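**Q** predicted structure and sequence below. I'll ask about it afterward.
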Amino acid sequence: MLGTAFLVCLALAYVENLLFFSNLKEVFSNPSLAIMIIFVHNVLVISLIMVAMTFYVEFVLAFLPKRKYEYVVLEHPRLFAFVFTVMILVISVFRASTLLYGQVFVNTLALVLLVSVPNGLLEGYGIFQCIQKTLRRSMTMKDMVVIYSIFFVASLIEVGYIQFLSWISPK
């Protein structure tokens, strides 16, 4: 069941990515549409993470013997959640740099990092909470609402920031 849910979310994320990145300029010309699309994008990503982590936990508990290495992630969920969150944020910065400049330029990475810090911290906190609560098997409906709300606020900030930058940039 989890595998099917993961494949459905993965297929939706793929279609959404194709549509979003092929129509990027048009999406950001309408702020309401941009907020909705970015929120849907974030919900798909966090749902994929949640389903994948749930599958991992259930797999480990059901099929792996409790020895030294098999349960290391489950025994240290905060550390794993932190490392995984940092990895996702680094990949996101590279992706943002690629979208802005067509490729990654090392000398502009500091600017991209500076620009994306507020939103990155907010989204990073949401990712961290999702992974940690899923690995601890303590995710509740309230936690999911809070996590999805974090990503809604992050989409508002992201679109607001992009609108502000387009407003102050010379035409």
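**A** Alright, I've got the coordinates.
**Q** run through the protein and note the low-pLDDT ranges.
**A** Counting by pLDDT under 70, the chain has low-confidence residues at 96-109, 111-112, 169-171.
**Q** need the strands for it, in chain order.
**A** Read by DSSP state E, the chain holds no strands at all.
**Q** can you map out the helices along this protein?
**A** With DSSP state H as the criterion, the chain has helices at 2-22, 24-29, 31-63, 72-75, 77-101, 109-135, 141-168.
**Q** next, the buried residues of the third one.
**A** Residues of helix 31-63 classed as buried: 34-35, 37-55, 57, 60 (neighbour count, 16 or more other CB atoms under 10 Å). The way it works is simple: take the backbone N, C-alpha and C, and place the C-beta from them, glycine included.
**Q** OK, contacts around the residue nearest to residue 17 when sequence neighbours are not counted?
**A** For residue 17, ignoring the flanking residues on the chain, the nearest one in space by CB to CB, 6 or more residues apart in numbering is residue 41 at 7.7 Å. Taking CB atoms under 8 Å, 6 or more residues apart in numbering, we find residue 41 in contact with 13, 16, 17, 20.
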